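> Sequence and predicted model, in that order:
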Amino acid sequence: MLAAGGIDRGGGPRCVAAGERVDAVDDGDAGRHAPSLPDRSRLGSCRRRSYPRPVESSPGTVELRAIEAEVRSHPHGRVPRDLRRRQLLAVAEQLFVAQGYAATSMDDVAAGAGVTKPIVYELVGSKHEVFEACMARAADALAARVAQAVLDAGDGDATRLRAGALAWFEFIGERRALWDALLASDDAPASAAIEAIRARQDGFVAAQLAATAQAGGATVEPELVEAVATAMNGAFEALGRWWSRHPDRPAAELADLYTALVLPGLEGLLGWSA
């Protein structure tokens, strides 16, 4: 099985450039090595070319580099469980982006973090649970970004709507490779995890809508709020797909388009004001 860090646990060929340094990390198991994930540009034929590769400046890659540096700061003792779990999820996210759900194995994740496969099962769970945890982590970060943007926007329904939309598109733009990989996932377990994330996002938007209505003294039917939230998230996703085909468009333009599409419906259904 091909390892993400260029080490073939089964004795097969390496898939990284000759001379690449592999850092040793003492995680309590003698002789274990923890390689850094190689640059995606160096994966060559080992990468499924239908999936985009993350750039070195992407948030996921930057995060992984920082986590790996923290892991290396524990050379003479066990890496803390929470840090190891964060490393596993960061490694897995990069692999899912580069290879897709189906082509990524638990051996890949374990090798990329320099641990044995049982440690992955112990700290995160099955492959489906690893994928689900990666998606949940991204969804939580997105929700936090949007909520903060809406809070900082101040008064005005339209102003807050556009601020939230801009935060959404900026977040997706920064993680375009992850977003495109999600859209390409048609495996049943991956699809189930994505549907679970969609449901969480629907709930988040519904809560934002309900809070806005309450602040304005309006009474709205919960099922209507739920339906509107689902439609709003559907519009986000549809525009995100379109954006993947037109990546030269700025996030601000997408935010303006989204606001123009959605605001009239919010005015008519929930009493929002422009």
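Done, it's in. For clarity, every value in this text was computed on a predicted model and none was experimentally measured.
> Can you name the residues that contact Leu178?
Counting by Cβ atoms under 8 Å, 6 or more residues apart in numbering, Leu178 makes contact with 54, 60, 93, 96-97, 138. (C-beta placed from N, C-alpha, C; glycine too.)
> So it lies in a helix, does it not?
Yes - counting by DSSP: H, G, I helix; E, B strand; the rest coil, Leu178 is located in a helix.
> Next one: it from Leu142, what distance?
11 Å (Cβ to Cβ, to the nearest Å).
> Leu266 now?
From Leu266 to Leu142 the distance is 20 Å (Cβ to Cβ).
> how close does the spatially closest residue to Ser126 that is not a sequence neighbour get to Ala69?
Take Ser126 and drop its neighbours on the chain: the residue closest to it by Cβ to Cβ, 6 or more residues apart in numbering is Met106, 7.9 Å away. Per Cβ to Cβ, Met106 is found 25 Å from Ala69.
> more neighbours, the two?
Met106 (17 against 11; other Cβ atoms under 10 Å).
> if we can go back for a sec, from what I can see the residue nearest to Ser126 touches His128, true?
No - the criterion here is Cβ atoms under 8 Å, and Met106 misses it with His128 at 10.6 Å.
> that older thread, report pLDDT for the residue nearest to Ser126.
For Met106, the pLDDT comes out at 96.
> circling back: among the contacts of Leu178, which one lies nearest to Gly114?
Glu93 (16.6 Å; Cβ to Cβ).
> Tell me which residues touch the closest one, please.
Going by Cβ under 8 Å, 6+ apart, Glu93 touches 60, 64, 134, 137-138, 178.
> Sketch out the low-pLDDT regions of this protein for me.
Along the chain, segments meeting pLDDT under 70 span 1-58, 77, 183-186, 188.
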